[in-house]
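> Build the 3D model from these lines:
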Amino acid sequence: MDIRTLELSDQDAFEQFQALLLAEKDMGNRFIQSKKVHDFPSFVKKSRQLEKVTDHPDLSAVTSYYGFINGEIAGKISCRWQLEKGDLSRVGGHIGYVTSPKFRRQGIMTSLLHFAFEQYQDKGIESVLITAHADNLPSRKTIEKVGGQLETIIRLEDDFPDPRMAGQELARYWVQL
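Okay, the predicted model is just below:
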């Protein structure tokens, strides 16, 4: 698997990946939080900018890496570098990820997580927080497989700012690198 950030030449692969995720979201998978990207070149440019600095005081710098297999995107992992920003230390954690429905149950996310851990170590970050919906058992098993230790399960407020997350229970895991 080739793991890297997006290039402009990845537009077709990205659009196929996005279409699979959005179709699954439309079928009711509430764990998929992807949004339609309409302007791929601008998306790539903005992604590059967000790797260094954000234009919002509550948002962390973030690098999104994509795992490619035979030219297709198998998964995406987003590494948020500043846990102290916004609500990341309670809700979002360091890492967000999604695996293409076409590539699930093949160890893709395990490989992407190990890759991400190396990136955190390179930045001197030795403990990584990963959260998952408490009822998302496949995600929780993946986190545990890579060494995640369950800290607690929290329930978000009913008036949580993101209505998709309001009232949800989140499992909070720490991985020591």
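
> which secondary structure element contains Asp12?
helix 11-26 (DSSP states H and E).

> hmm, who's touching whichever helix or strand comes after that helix?
Next in sequence after helix 11-26, counting helices and strands by DSSP H and E, comes helix 40-50. Residues from elsewhere that reach helix 40-50 (Cβ atoms under 8 Å, 6 or more residues apart in numbering): 5-8, 11, 14-15, 37, 59, 61-64. From N, CA and C alone the C-beta is placed, and that goes for glycine too.

> what is the mean pLDDT for helix 40-50?
Mean pLDDT, helix 40-50: 94.

> circling back to that earlier point, what average pLDDT does the helix holding Asp12 get?
87.

> Give me the buried positions along it.
13-14, 17-18, 20-21, 24-25 (16 or more other Cβ atoms under 10 Å).

> Also stretch 101-114?
Here stretch 101-114 shows 103, 108-109, 111-113 as buried, counting by 16+ other Cβ under 10 Å.

> What lies in contact with the helix holding Asp12?
6, 32-34, 36-37, 40, 66, 68, 71-73, 76, 98, 100-102.

> pLDDT weak spots in the protein?
Applying pLDDT under 70 to the chain flags residues 25-33.

> On the three-state scheme, Ile77 is what?
Secondary structure, DSSP: H, G, I helix; E, B strand; the rest coil: Ile77 is strand.

> how close does it get to Pro163?
According to Cβ to Cβ, to the nearest Å, Ile77 and Pro163 sit 25 Å apart.

> Kindly report the same for Gln49.
28 Å.

> Point me to the helix or strand that includes Ile130.
Assigned by DSSP H and E, Ile130 falls in strand 127-133.
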